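Undergrad: I would like the atomic coordinates for the input below:
(one chain, ligands or ions: 2)
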Amino acid sequence: MNYNLDREGLVEALECKDPAFNKALLEDAYKVKVASIGPVVYLRGLIEISNICSKNCLYCGIRRDIHCPRYELTDEQVLQAAAMAAQRRFGSVVIQGGERKDKAFVAKITRLVKAIKAIDTGDDPPLGITLSLGEQPREVYDEWFDAGAHRYLLRIETSNPDLYRKIHPNDDNHSYDRRLKALEDLKAAGYQAGTGAMIGMPYQTAADMADDLLFYKSFGAPMIGMGPYNPHPDTPLTHSGAQFPSDDERFMLGLKMIALLRLLMPDINIAAATALEVLNPRGRELGIMAGANVFMPNITPSEEMVKYNLYDRKTILKDCPSVGKDDNHICKNCVFPFCSMGENMREGKIVVGYGQWGDSKAALREKSLKKL
Ligand code: 5AD
Ligand code: SF4
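TA: Ligands and ions are numbered 1, 2, ... in the order given. Here you go, the predicted structure:
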């Protein structure tokens with residue numbers, strides 16, 4: 001099928017409720033992915049280092065003002081998880097956590113990035129490291145880059161400044177302009193700067209989502225992590241009673257955003273976000289079959305994983321055989337070979353890129369241009 005990928009065409013595609021159109025869109029995006037980068041899916045072991053956050057985003061279950069048990073992983077816990085990622089040949093890890101600017105935390109990340117780089121990976125390259133630790137001063141981005149991190153994920157959350165204001169407290173700590181500036185700083189510091197937004201939020205229109213896709217393109221993002229909004233019961237956004245699309249609608253929107261982005265940017269990395277799995281037990285697999293090519297097995301120690309509660313993850317965690325058990329766990333829902341992905345893997349529709357950093361073709365192209 002031919003797709004019109006200007007703003008109007010994107011809005012129309014996002015609003016379309018015709019199952020035949022939607023199915024064709026997802027299948028076509030998968031084909032574009034295979035033609036552009038092949039069926040390979042890269043892994044990143046996701047380590048949720050801490051749920052302590054200095055911000056108060058109105059949608060988030062670990063926002064500063066929520067009363068919930070807080071944790072911070074020890075160096076040893078992080079390094080154990082990273083060693084497991086190396087042993088299983090994941091190729092890369094992501095360190096994600098709430099936004100913290102205190103000196104001890106900044107130093108801890110620097111120390112851990114260096115230590116992860118030193119982990120023995122046999123014949124593979126040292127683990128690739130993506131950080132996702134919010135807005136930081138440029139010097140901190142530089143320090144972590146120099147320590148060995150080379151990708152950074154900072155979602156813009158929405159590319160519409162008015163909507164940004166509605167879903168964040170109205171203060172200097174939650175500024176759309178500062179967020180954009182941080183993204184520019186990340187690029188200037190040398191990172192592959194990834195971004196993304198939530199999909200199907202209160203007050204968000206199809207035009208907003210189309211604009212998000214166009215924003216990714218104009219920013220030149222080499223990687224995108226976006227996923228459906230999932231309400232958390234104790235947040236101001238939920239308490240506001242503002243309406244948003246149903247679970248089924250948000251799930252389909254999540255898949256269609258992946259597909260449309262793949263058509264718009266055929267050679268970037270697109271993650272199949274965990275938020276998809278809340279809405280459908282095979283959510284991430286279906287994300288991959290709609291054009292995503294990055295999968296992030298959660299390797300946070302299980303007793304802490306349950307506390308990283310951005311939104312209601314009960315549906316995922318209730319089936320997790322490792323929660324509350326001994327660690328060095330591997331959850332069947334989180335790690336290849338998946339139960340449900342088995343068939344697509346056997347048929348060669350999903351091929352795992354073991355032992356590789358898995359930078360996007362777009363990022364590698366950019367890097368070689370810089371060298372010229
Ligand atoms: N639903 C979906 N995603 C959420 N995030 C935070 N709260 C929610 C929610 N309720 C996402 C944000 C943030 C990332 C770490 O988690 O997009 O960037
Ligand atoms: Fe903190 Fe991120 Fe949650 Fe905002 S979305 S409160 S920055 S963890």
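Undergrad: Low-confidence stretches in this protein?
TA: 314-342, 371-372 (pLDDT under 70).
Undergrad: count of neighbours near Gln87?
TA: The number of residues packed near Gln87 is 13, by other CB atoms under 10 Å. For every residue, glycine as well, the C-beta is placed using N, CA and C.
Undergrad: could you check the distance from it over to Leu14?
TA: Distance, Gln87 to Leu14, by CB to CB, to the nearest Å: 41 Å.
Undergrad: So for the helix or strand containing Glu143, what gets flagged as buried?
TA: Assigned by DSSP states H and E, Glu143 belongs to helix 138-147. Of the residues in helix 138-147, 140-145, 147 count as buried by neighbour count, 16 or more other CB atoms under 10 Å.
Undergrad: May I have it exported as PDB, CA atoms only?
TA: Extracted C-alpha coordinates of helix 138-147, given in PDB (Å, rounded to 0.1, in the frame of the first residue of the first chain):
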ATOM      1  CA  ARG A 138      26.000  19.300  30.300                       C
ATOM      2  CA  GLU A 139      29.100  18.600  32.400                       C
ATOM      3  CA  VAL A 140      27.400  15.500  33.800                       C
ATOM      4  CA  TYR A 141      26.500  14.300  30.400                       C
ATOM      5  CA  ASP A 142      30.100  14.800  29.400                       C
ATOM      6  CA  GLU A 143      31.400  13.000  32.500                       C
ATOM      7  CA  TRP A 144      29.200   9.900  31.800                       C
ATOM      8  CA  PHE A 145      30.100   9.900  28.100                       C
ATOM      9  CA  ASP A 146      33.800  10.000  28.900                       C
ATOM     10  CA  ALA A 147      33.300   7.100  31.300                       C
END
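Undergrad: distance between the ends of stretch 240-256?
TA: Stretch 240-256 has an end-to-end distance of 27 Å (CA to CA, to the nearest Å).
Undergrad: Check whether it comes near ligand 1.
TA: No. Stretch 240-256 lies out of reach of ligand 1 by CB under 6 Å from any ligand atom, never closer than 9.5 Å.
Undergrad: In contact with Asp28, which residues?
TA: Asp28 makes contact with 1, 3, 259, 263 under the criterion CB atoms under 8 Å, 6 or more residues apart in numbering.
Undergrad: Go ahead and confirm the first one touches Leu26.
TA: No. With the criterion set as CB atoms under 8 Å, Met1 and Leu26 do not qualify as a contacting pair; they are 11.3 Å apart.
Undergrad: Among those two, which residue is more densely surrounded?
TA: For Met1 versus Leu26, neighbours defined as other CB under 10 Å are more numerous around Leu26 (21 against 7).
Undergrad: Next, give phi and psi for the more buried one.
TA: Dihedral pair for Leu26: phi -70, psi -40, per degrees, to the nearest 10.
Undergrad: and the closest residue to it other than its chain neighbours, how many neighbours does it have?
TA: The shortest distance from Leu26 to any residue other than its chain neighbours is 4.2 Å, reached at Ala290 (CB to CB, 6 or more residues apart in numbering). The number of residues packed around Ala290, counting by other CB under 10 Å, is 28.
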